[in-house]
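Student: 3D, please:
(one chain, ligands or ions: 3)
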Amino acid sequence: MAASPSVLRVALPVPLPRLFDYLPPLGMAAEAVAVGQRVRVPFGPREACGLVVAHGLAEPGVELRAALAALDDGPVLQGELLASLRWLAGYLHAPLGEVLATGLPASLRRGEPLPDIARRGWVLNEAGRTALPAMRAGKPKALAALLAEARDEDALDAAHPGWRAPLRALRERGLVDGVVLDAVVAMAAPAAGAFQPNAEQQIAIDAIRAADGFAPFLLDGVTGSGKTEVYLQAIADCLARGRQALVLVPEIGLTPQALARFRARLGVPVHALHSGLNDNERAATWWAAATGKARVIVGTRSAVFVPLPEAGLIVVDEEHDGSYKQFDGIRYHARDFAVVRARALGVPAVLGSATPALETLHNAQAGRYAHLRLRQRAGAARPPQVRVLDVRKRPLQAGLSDEALAAVRAAVDAGGQVLVFRNRRGYAPVLLCHDCGWSAHCPRCSTEDRPTPMTVHAHGKRLQCHHCGHRKPSPPACPDCASLALQPQGNGTERIEAELQARFSEVPVLRIDRGSTGHRDALQKHFDDLGTRRGILIGTQMLAKGHDLPNLTLVVVVGIDEGLFSADFRSGEKLAQLLVQVAGRAGRAERAGTVLLQTHHPDHPLLQTLVAGGYHAFVDGELALREAAGFPPFAHLALLRAEARHAEPPMQFLQAAKATLDAFAVEASGPLLAPMPRRAGYVRAQLVVSAPDRRALHAALDAVVPALHAAPEARRVRWSLDVDPVDLY
Ligand code: ADP
Ligand code: ZN
Ligand code: ZN
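Tutor: Ligands and ions are numbered 1, 2, ... in the order given. The predicted structure is shown next:
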């Protein structure tokens with residue numbers, strides 16, 4: 001007779017590629033604890049919270065400790081999500097325990113109880129029903145009539161805005177009772193506001209509607225072409241079929257304005273999930289999705305981990321956006337994982353962008369994704385006029401040419417709004433001694449031959465390193481020659497702001513970057529303050545997307561030249577996307593828009609191609625270059641990084657890794673110092689592993705990564721593996 005399993009295999013959030021065996025908690029059978037259920041276990045001298053991922057048989061002679069307790073009544077991770085997370089761990093060659101922990105909201109990861117997500121509402125009681133007919137007409141009576149049927153806050157928000165005061169009145173008179181609502185209550189019909197889709201939108205909507213099971217779509221539509229309208233109709237269809245929809249948006253795209261648009265149009269509660277929420281709120285939304293109570297979830301990167309037991313659709317808006325890639329810990333790509341989940345769930349995935357990633361366009365061209373195009377702006381809006389402004393030999397004020405300043409003046413005088421885009425925050429990128437050539441460098445990020453300048457902030461008073469965060473006051477005099485001729489060189493958003501405030505003192509001049517606008521509520525407040533009044537916005541890429549600015553008639557882009565000559569193979573793609581996205585902010589409504597690209601390299605092929613042929617002309621050339629050079633999407637990469645206080649340990653570790661990789665059909669280049677060779681006091685090195693074939697890459701990593709964990713060289717470094725790296729530094 002086969003022995004019944006007596007051991008729990010537990011995944012713990014530790015950086016070790018293995019599971020840990022425990023006996024079930026005292027008095028419980030192993031099978032009584034489900035796969036996907038949380039357990040609290042002793043781990044060394046402390047306790048840890050893990051997930052049961054399998055049951056096993058005890059090995060004779062091995063002494064095991066017992067789990068301390070099983071949490072919850074059943075699994076928190078199960079079905080498709082558990083399977084997809086297992087797949088992700090394999091794909092990233094990352095420890096399962098860490099990947100599962102990443103998939104859970106922080107409070108559940110820590111072992112805290114499941115959130116209470118009972119929906120509370122109100123209903124008219126016996127006394128209320130008796131009193132209703134005789135009540136005076138007015139808000140309390142209208143609300144009382146509505147509460148003949150129990151309703152929760154969301155339903156009241158939609159059906160009876162301003163319901164809180166009359167509710168208080170009804171409660172004081174003892175006419176309503178609080179209740180807990182279990183079933184999802186249907187809400188009022190979706191508010192009006194839907195457009196008659198144009199022909200291209202209709203084709204897209206029909207294609208998504210016709211999808212049966214997994215179907216990936218690229219919705220490739222210029223800014224303002226009505227992609228969001230297509231999502232909204234597809235989501236409405238999904239809801240009508242009784243299914244859940246997940247919408248991923250970039251970190252900066254989830255504005256209150258965007259959420260309000262979803263809420264108003266769909267007629268069901270829309271659950272937001274983003275970094276501005278506290279742990280309890282995040283866990284509540286996650287669990288509401290797991291229990292099917294949340295029907296529409298709109299969230300940033302980590303929302304890709306919400307459970308979707310009744311999934312019907314996954315949308316990834318601005319799918320090219322860099323914020324979908326996690327840059328530390330478990331380095332997943334939310335867009336790619338969204339497609340993996342859609343496949344596992346058997347639902348359509350819609351990836352939308354005005355500037356699709358080269359990977360995504362390549363998938364569309366290869367026929368793996370259906371390519372839906374929206375070539376025209378919806379409604380009355382016209383595409384903006386783009387002009388390259390040659391500023392060679394022209395005088396510049398805070399980096400702005402006379403021609404650009406005159407254009408700003410004209411736009412403001414005509415009552416419009418202007419956006420000045422400069423992707424560099426702070427006052428100036430460098431502090432230089434004009435007498436001896438000394439400049440301020442970060443002591444923690446510089447090497448002998450590769451100094452990292454510190455950015456000047458606060459009008460010259462403070463220095464800050466944008467790589468490690470190190471700050472200090474500016475020196476009063478040059479540390480090398482004692483000269484007082486210290487000069488900020490170049491222009492950041494702060495300096496441009498000061499210049500424009502001085503010149504345009506009669507209109508609001510607002511700076512929007514990470515320094516001035518920490519989080520999204522502050523961003524919204526800036527926009528609300530400005531409204532549709534004439535004025536000037538200065539900002540970094542925080543301004544490239546998100547909020548709709550219908551009165552924006554001029555966009556001036558400055559300081560792009562450094563991006564034209566970067567060594568990173570993705571820099572052209574990123575710059576092209578940024579320019580097209582920023583340009584797309586202009587003229588979104590009836591008023592025509594103009595975009596000025598200020599440059600010292602007016603003949604640069606990237607600018608020429610973009611202006612003459614648009615983003616797709618750029619992409620065609622760029623894909624050909626990538627293919628010739630053997631770069632993604634024509635090759636698959638993994639980046640092995642290592643760092644330590646000194647250069648030798650990382651180099652030795654990577655050298656050892658390279659030696660083991662030699663036996664496989666992959667190419668390992670390096671090890672080399674990273675393009676940024678020192679950061680926050682650590683010397684950084686890397687090995688690029690590439691293969692034309694994804695399977696070959698993974699076969700090699702499957703074999704090599706476990707050996708890396710065990711390698712003696714690994715003990716002297718911090719190392720990480722980045723599969724499909726976005727940045728090679
Ligand atoms: P995108 O997401 O592609 O940037 P939006 O969906 O935000 O575009 O649409 C841009 C603007 O055009 C919005 O103000 C939207 O309300 C409007 N719009 C969208 N579709 C239509 C349509 N079929 N007819 C008229 N206006 C539309
Ligand atoms: Zn000096
Ligand atoms: Zn630094």
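
Student: send the alpha carbons of the helix-or-strand element of the chain with minimal mean pLDDT over as CSV?
Tutor: When each helix and strand of the chain is scored by mean pLDDT, DSSP states H and E, helix 520-530 comes last, with a mean of 75. C-alpha atoms of helix 520-530 as CSV (Å, rounded to 0.1, in the frame of the first residue of the first chain):
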residue,chain,number,x,y,z
ARG,A,520,0.2,61.4,-9.0
ASP,A,521,-2.1,63.4,-6.8
ALA,A,522,0.4,66.3,-7.0
LEU,A,523,0.5,65.9,-10.7
GLN,A,524,-3.3,66.1,-10.9
LYS,A,525,-3.3,69.1,-8.7
HIS,A,526,-0.9,70.9,-11.1
PHE,A,527,-3.2,70.2,-14.0
ASP,A,528,-6.3,71.2,-12.1
ASP,A,529,-4.7,74.5,-11.0
LEU,A,530,-3.8,75.3,-14.6
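
Student: buried ones in that helix?
Tutor: 520, 523-524, 526-527, 530 (16 or more other CB atoms under 10 Å). To be clear about C-beta, it is placed using only N, CA and C from the backbone, and glycine gets the same treatment.

Student: now for it, which elements pack on it?
Tutor: Packed against helix 520-530 by the contact rule (3 or more CB pairs under 8 Å, 6 or more residues apart in numbering; DSSP states H and E) you find helix 256-266, strand 509-512.

Student: Okay, angle between it and helix 256-266 too, please.
Tutor: Per axes from the mean of the first three to the mean of the last three CA atoms, to 10 degrees, the angle that helix 520-530 makes with helix 256-266 is 90 degrees.

Student: Determine which of the helices and strands packed on helix 520-530 shows the lowest mean per-residue pLDDT.
Tutor: Looking at those, the lowest mean pLDDT belongs to helix 256-266 (a mean of 84).

Student: Off-centre distance for that helix?
Tutor: Here helix 256-266 shows a centroid-to-chain-centroid distance of 19 Å under the convention CA atoms, centre = their mean, to the nearest Å.

Student: And the average pLDDT for whichever strand or helix holds residue 99 is what?
Tutor: Assigned by DSSP states H and E, residue 99 belongs to helix 96-103. The pLDDT scores in helix 96-103 average 97.

Student: Need the contact partners of it.
Tutor: 11-17, 19, 50-51, 53, 77, 81-82, 85-86, 88-89, 92, 109, 302, 305, 329-330, 332 (CB atoms under 8 Å, 6 or more residues apart in numbering).

Student: Extract the C-alpha set from it and format it as CSV.
Tutor: Coordinates of each C-alpha in helix 96-103 appear next as CSV, following Å, rounded to 0.1, in the frame of the first residue of the first chain:
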residue,chain,number,x,y,z
LEU,A,96,10.1,29.9,-7.0
GLY,A,97,9.6,31.1,-3.4
GLU,A,98,10.7,34.6,-4.5
VAL,A,99,8.5,34.6,-7.6
LEU,A,100,5.4,33.5,-5.6
ALA,A,101,6.1,36.1,-3.0
THR,A,102,6.3,38.8,-5.7
GLY,A,103,2.9,37.6,-7.0
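
Student: give me the residue from the stretch 601-729 of the chain nearest ligand 2.
Tutor: Closest residue of the stretch 601-729 of the chain to ligand 2, CB to the ion: residue 678 (23.8 Å).

Student: wouldn't that residue be in contact with residue 450 here?
Tutor: Yes. Using CB atoms under 8 Å, residue 678 is in contact with residue 450, at 7.5 Å.

Student: quick one, which of those two is more surrounded?
Tutor: residue 678 (24 against 13; other CB atoms under 10 Å).

Student: give me the element the more buried one is part of.
Tutor: If you go by DSSP H and E, residue 678 is part of strand 667-679.

Student: how long is stretch 444-455 end to end?
Tutor: In stretch 444-455, first residue to last residue: 14 Å (CA to CA, to the nearest Å).

Student: what's next to that stretch, contact-wise?
Tutor: Contact with stretch 444-455 is made by 424-431, 439-442, 463-468, 470, 472, 492, 676-681, 683, as judged by CB under 8 Å, 6+ apart.

Student: now the protein, which segments are flagged as low pLDDT?
Tutor: 1-4, 182-193, 515-521, 545-547, 588-590, 729 (pLDDT under 70).

Student: In this structure residue 621 contacts residue 609, no?
Tutor: Yes. Assessed by CB under 8 Å, residue 621 is found in contact with residue 609 at 6.1 Å.

Student: which of the two has more neighbours?
Tutor: For residue 621 and residue 609, the more surrounded residue by other CB under 10 Å is residue 609, and the numbers stand at 20 against 14.

Student: Next one: the more buried one from ligand 3, what distance?
Tutor: Going from residue 609 to ligand 3 by CB to the ion, to the nearest Å gives 36 Å.

Student: tell me which element that residue falls in.
Tutor: Using DSSP H and E, residue 609 maps to helix 605-629.

Student: Just checking the distance from that helix to the centre of its chain.
Tutor: The answer for helix 605-629 is 26 Å, by CA atoms, centre = their mean.

Student: just checking, what packs against that helix?
Tutor: helix 358-365, strand 385-390, helix 571-583, strand 594-599.

Student: C-terminal to the second one, what's the next element?
Tutor: I take that to be strand 385-390. The element immediately downstream of strand 385-390 (helix or strand, assigned by DSSP H and E) is strand 396-397.

Student: can you list contacts of that next one?
Tutor: 405, 499.

Student: What separation is there between the residue lying closest to residue 305 once chain neighbours are set aside and ligand 3?
Tutor: Distance criterion CB to CB, 6 or more residues apart in numbering; nearest residue to residue 305, sequence neighbours excluded, is residue 103 at 4.4 Å. Residue 103 sits 32 Å away from ligand 3, going by CB to the ion.

Student: Check residue 645 too.
Tutor: Note on residue 645: its distance to ligand 3, by CB to the ion, is 15 Å.

Student: likewise residue 356?
Tutor: Residue 356 sits 34 Å away from ligand 3, going by CB to the ion.

Student: that older thread, looking at the helices and strands packed on helix 520-530, which is closest to residue 415?
Tutor: Residue 415 lies closest, by CB to CB, to one member of the helices and strands packed on helix 520-530: strand 509-512, at 15.8 Å.

Student: tell me how far that closest one is from the chain's mean position?
Tutor: Relative to its chain's centre, strand 509-512 lies at 23 Å (CA atoms, centre = their mean).

Student: Same check on stretch 331-344?
Tutor: In terms of CA atoms, centre = their mean, the centre of stretch 331-344 is found 13 Å from the chain centre.

Student: again with stretch 552-560
Tutor: That offset, for stretch 552-560, works out to 24 Å (CA atoms, centre = their mean).

Student: what does stretch 448-467 give?
Tutor: For stretch 448-467, the distance to the chain centre is 27 Å (CA atoms, centre = their mean).

Student: What about the residue of the stretch 501-650 of the chain found nearest ligand 3, how many residues nearby?
Tutor: Nearest to ligand 3, among the residues of the stretch 501-650 of the chain, is residue 643, at 13.8 Å (CB to the ion). Look at residue 643: counted by other CB under 10 Å, it has 23 neighbours.

Student: and the helix or strand hosting it, how far from the chain's centre?
Tutor: Take DSSP H and E as the rule and residue 643 turns out to sit in strand 636-644. Distance of strand 636-644 from its chain centroid, counting by CA atoms, centre = their mean, is 22 Å.

Student: Which neighbours in the sheet does it have, and how are they oriented?
Tutor: Looking at strand 636-644 with DSSP bridges, its partner strands are strand 682-691 (antiparallel), strand 718-723 (antiparallel).
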